[in-house]
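J.: Okay, predicted coordinates and the sequence, questions at the end:
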Amino acid sequence: MPAGIVETAQAKVNLALHGLGRRDDGYHQLDSAVAFAGAGDVITVSPKAGEGVSLSVSGPFTAAVPTGPDNLICRAYTVLAQHVALPAVAVHLEKNLPVASGIGGGSADAAAALRAYLQLAGAELPSAVMTTVALALGA
């Protein structure tokens, strides 16, 4: 297995955003056009002994980031593990984007983590399964 996978979770800027209604799970159905900024969080995923996922955080917005099972990075591991065999991982998040700022930080972190988990596991999933995994994590 590789020593660690590094992924950047780029911030997004909504150029247009339209709410189309509420889904059964409480999230809103959205139609948007976005551009990605050069700034972002950095995620490093490394294999570890044991089971599951652990999360450590550094950076200017560390204090506002939960590191337990409710964090989207940890939830992404749990949801993805229902579809593919994942090794135990240690994740480090360099939190450069402000929390709850509307620039997609948490969602981008989860997406970057999913990419890293799959790469570390040497696995691929059909896009329909990835869509199911992503929708289980949020909008």
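T.: Yes, it's here.

J.: Are we agreed that Glu7 is in a helix?
T.: No. According to DSSP: H, G, I helix; E, B strand; the rest coil, Glu7 belongs to no helix; its state is strand.

J.: show me the contacts for it.
T.: For Glu7, the contact set (C-beta atoms under 8 Å, 6 or more residues apart in numbering) comprises 42-43, 45, 112-113, 115-116. In short, each C-beta sits where N, CA and C put it, glycine included.

J.: how much space between it and Ala108?
T.: Glu7 is 10 Å from Ala108, where distance means C-beta to C-beta, to the nearest Å.

J.: Keep only those of the contacts of Glu7 that are in strands.
T.: Using DSSP state E, 42-43, 45 are the members of the contacts of Glu7 that sit in strands.

J.: Tell me where the protein has helices.
T.: Under the criterion DSSP state H, the chain carries helices at the ranges 72-80, 105-121, 127-137.

J.: just how off-centre is the longest one within its chain?
T.: What it means is helix 105-121. Put simply, helix 105-121 sits 5 Å off its chain's centre (C-alpha atoms, centre = their mean, to the nearest Å).

J.: With the first one instead?
T.: In terms of C-alpha atoms, centre = their mean, the gap separating the centre of helix 72-80 from the centre of its chain is 8 Å.

J.: What is the burial count for Ala33?
T.: 10 (other C-beta atoms under 10 Å).

J.: That one contacts His18, correct?
T.: No. Between Ala33 and His18 there is no contact under C-beta atoms under 8 Å: 9.5 Å.

J.: can you put the ones in strands among the contacts of Glu7 in a markdown table and add distance to Val133, neighbour count and pLDDT?
T.: As requested, the ones in strands among the contacts of Glu7 are exported to a markdown table (distance: C-beta to C-beta, whole Å; neighbours: other C-beta atoms under 10 Å; pLDDT from 0 to 100):
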| residue | distance to Val133 | neighbour count | pLDDT |
| --- | --- | --- | --- |
| Val42 | 22 | 17 | 95 |
| Ile43 | 16 | 25 | 96 |
| Val45 | 16 | 26 | 97 |
